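>>> what's the 3D shape of this:
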Amino acid sequence: MAATQPNVLILYADDLGYGDLNCYASESKIPTPNLDQLASEGMRFTDGHSSSGICTPSRYALLTGRHHWRDFHGIVNAMGNSVFKSERLTFPEMMQEKGYHTAAIGKWHLGWGWNAIKKSNTPNGKTHFSSYDWSKSVPDGPLAHGFDYYFGDSVINFPPYAWIENDKLVQIPNTMLDTKLFKKIKEGSWEMRKGPMVEGWDPYENIPTTTAKGVEFIKQQAKEEKPFFLYFAYPSPHAPIIPNDRFDGKSGVGSYGDLVVETDDSVGQLLKALKDSGQEQETIVIFTADNGPENYAYARDAKFDHWSAAPLRGLKRDIYEGGHRVPFIIKYPGVAKAGSVSEALVSQIDLMATVASVIGYRFPDKNAAEDSHDLLPVLKSPESSVRSAHVHNTYKDAYAMRQGDWVLVAAKNGYHSKRDKAWEAKHGYSADSASQYELYNIKEDLGQRHDLANKYPEKVKTLQALLTQIQDQGYSAPRLAK
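Numbering: from 1, shown residues only. Reported below is the predicted structural model:
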C-alpha cells in the first residue's frame, strides 16, 4: 500500500553520464552498487532527460515544471542574482502548501541577492571579501522560494567559498580564493572562480559534510509529524574532480570514476538513513542528473576505453542525446514495480506534476508547471506513456525537437561543447551532411550517426512546426490543452 502523503527525496547528480552507472551500461568500469540497488528496487527510465545541457537551467526546470528556455538559457555566474520570479510557483512551495517540511542540501546555483549585503561604498563589480557585510541575511535564496531549510556552499567552484545555513553564512569569508592552499587537484583543473573565501576552506570536505547533514535531516524527520521534501544536490562528478583519498583507485577510469564512486557511497548513506529510521517504505526516491558529462570524457575514453555517455553522442552543453539524456530512477514503494524498466519519454520537468498528482495538489491557472506531465500512469504501468514530445535546448537559437522516435536537431549540428574528431573516428561517425538541419530516428539510431534530413524533408517540416507551436503557445502540459 502506497503512502498517501509520501516523503520525497530527490538526489541530483552534476555532470553524470548516461553510461557511467552499471545499471545503465553493464560495460561501465565504475562500480555503483548503491544506485544499482536503487534501480533494482524501483523503475529505471531509459529515455529520461534534463531540460538543458547545463546546470542552472536544468535545476530551474526541475523546480518549476517549466522549460528553462521560456525564461533564460545560461547559468547564474559567480555571486549572481536569483533566476526565480516571485510570482513563479516552485516545487517546494507546492509541497509547503500541502503541509510538507522542505529542505535543500548541497548545490544551489540558482542565484542569491548578494548585492543586498554589499557595502554601500563598494565600487560596482568589486567582489573582495571586505566588500560585504557577511553578518547579514542573504535574501532571494532557497528560503525565499519554498525551502524551510538550506545547507550548502551554493556552488563548489563559485564564491563565496563558505558554508551557508538557511540564509546566513556559517563563517565569515576573510580571505580570497587561492587554490595553492588546497590539496593537489586529482584530474583536470580546479575551475574555481576568484572571490571571497573562509580561511582554511577545503573543497574536499563538500560531499562528506553535506552527506552528514542529509543523514541528520532524514533521521530527524522520522521524529516529526510532517512528511518531508528533501532536494539533495551533489557537486559531483562536476569539476573540480576531487574524490577523497579513500576512494582513490576504486574505479577503473581514474579520479573521475573515483568521484562517481564517492557520490554513489553518499547515496548509499542517505538511503541507509531512510531505512534505519523506518521511512523507506513511505518515501519516493528520485535519482537523476542535471546534464551529461563534461568534455574530459573524450580523454577518458581514449585512455580507459570508457565512454561516459555510452551509447550516446554528445556531452554536456550539446543538444545531441548525450548532453541531456541522463540516468533517471524513481523508487515509489507500492506503486512502481521493483526492478521495472520503462522506455517512455520522460523529463525532469515532469517531476513536479507527478508529485502533485500523488499528493492531490491542484495547480493554479497561471505561473505554474506549464510544461510538466504527470508520470504517475507510467509508474503504475511501465509500458504506458504520457509524453510524446520534448524540446531540447542549451543555448539561444539552437534547439532539438523530439517527437516519438524522431528528433530534429534544428541547427547545423548538435555540438556546443568540444568536438573531438578522434572520438568520432573511433566510434564510426562520418562527416556532417550538407543539410541545414539534422534528423535522426532515435529508435533505430540511438547514437545519432545517420542524418536523415535530406531523405525525409516532410518530417523536418513537421518537427519544425511542432517546435514553433510549443514555443509560441507558452505551454506543453496536457492539462493546459483542455
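>>> how about the helices of this protein, start to end?
In the chain, helices defined by DSSP state H lie at 33-41, 55-64, 91-97, 206-221, 254-276, 296-304, 351-359, 376-380, 421-426, 457-473, listed in chain order.
>>> just the ones you listed: most buried one?
helix 55-64 (a mean of 27; mean count of other CB atoms under 10 Å). C-beta here means a position set from N, CA and C on the backbone, and glycine is covered the same way.
>>> For Thr179, which of the helices of the chain is the nearest?
For Thr179, the closest of these is helix 206-221, at 14.6 Å, according to CB to CB.
>>> what's the angle from the closest one to helix 254-276?
Using axes from the mean of the first three to the mean of the last three CA atoms, to 10 degrees, the inter-axis angle of helix 206-221 relative to helix 254-276 is 10 degrees.
>>> What mean pLDDT does helix 206-221 get?
The pLDDT scores in helix 206-221 average 98.
>>> Now do it: distance to the chain's middle.
With CA atoms, centre = their mean, to the nearest Å as the basis, helix 206-221 stands 19 Å off its chain's centre.
>>> CA atoms only for that helix, dumped as CSV, please.
Taking C-alpha atoms only, helix 206-221 is exported to CSV below (Å, rounded to 0.1, in the frame of the first residue of the first chain):
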residue,chain,number,x,y,z
ASN,A,206,32.0,19.0,0.4
ILE,A,207,30.4,15.6,0.0
PRO,A,208,31.3,14.3,3.5
THR,A,209,29.8,17.4,5.1
THR,A,210,26.6,17.6,3.1
THR,A,211,26.1,13.9,3.3
ALA,A,212,26.3,14.1,7.1
LYS,A,213,23.7,16.9,7.1
GLY,A,214,21.5,14.9,4.8
VAL,A,215,21.6,11.8,7.1
GLU,A,216,20.9,14.0,10.1
PHE,A,217,17.9,15.6,8.4
ILE,A,218,16.4,12.3,7.4
LYS,A,219,16.8,10.8,10.8
GLN,A,220,15.3,13.8,12.5
GLN,A,221,12.3,13.8,10.1
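>>> just checking, what packs against it?
Helices and strands touching helix 206-221, by 3 or more CB pairs under 8 Å, 6 or more residues apart in numbering; DSSP states H and E, are strand 101-107, strand 149-154, strand 228-233, helix 254-276.
>>> right, and the ones you listed - which one's nearest Arg70?
Nearest to Arg70 among these is strand 228-233 (21.4 Å), distances taken as CB to CB.
>>> Show me what the closest one is packed against.
Using 3+ CB pairs under 8 Å, 6+ apart, strand 228-233 sits against strand 7-13, helix 91-97, strand 101-107, helix 206-221.
>>> ok, back up a step: who wins for proximity to Pro173 among the helices and strands packed on helix 206-221?
strand 149-154 (11.4 Å).
>>> Now tell me what touches the closest one from outside.
Here strand 149-154 makes contact (CB atoms under 8 Å, 6 or more residues apart in numbering) with 101-109, 112, 141-143, 160-167, 206, 210, 213, 217, 233, 235.
>>> count of neighbours near Ser384?
The tally of other residues near Ser384 (other CB atoms under 10 Å) stands at 13.
>>> what do you get for Gly428?
Counted by other CB under 10 Å, the residues lying close to Gly428 total 8.
>>> who touches it in this structure?
The neighbourhood of Gly428, defined by CB under 8 Å, 6+ apart, consists of Arg449.
>>> let's go with 10 Å and repeat that
Neighbour list for Gly428: Gly447, Arg449 [criterion: CB atoms under 10 Å, 6 or more residues apart in numbering].
>>> measure it to Tyr298 for me?
Gly428 is 16 Å from Tyr298, where distance means CB to CB, to the nearest Å.
>>> quick one: low-confidence ranges for the stretch 201-350 of the chain?
Applying pLDDT under 70 to the stretch 201-350 of the chain picks out no residues at all.
>>> What's the local residue count around Ser26?
Other residues within reach of Ser26, judged by other CB under 10 Å, total 6.
>>> Type out the PyMOL command that picks the buried ones from the contacts of strand 149-154.
Restricted to buried positions by 16 or more other CB atoms under 10 Å, the PyMOL selection for these reads:
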select buried, resi 101+102+103+104+105+106+107+108+109+112+141+142+143+160+161+162+163+164+167+206+210+213+217+233+235
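>>> which residues does the nearest residue to Tyr132 once chain neighbours are set aside contact?
Leaving aside its sequence neighbours, Tyr132 sits nearest to Ile117 (CB to CB, 6 or more residues apart in numbering; 5.1 Å). Neighbouring residues of Ile117 by CB under 10 Å, 6+ apart: Ser131, Tyr132, Asp133, Trp134, Ser135, Lys136, Ser137, Val138, Pro139, Lys168, Leu169.
>>> swap the cut-off to 6 Å and go again
Contacts of Ile117 were listed using CB atoms under 6 Å, 6 or more residues apart in numbering, and they are Tyr132, Asp133, Lys136, Val138.
>>> What pLDDT does the model give it?
Looking at Ile117, its pLDDT is 96.
>>> how near is it to Leu169?
In this view, Ile117 and Leu169 are 9 Å apart by CB to CB.
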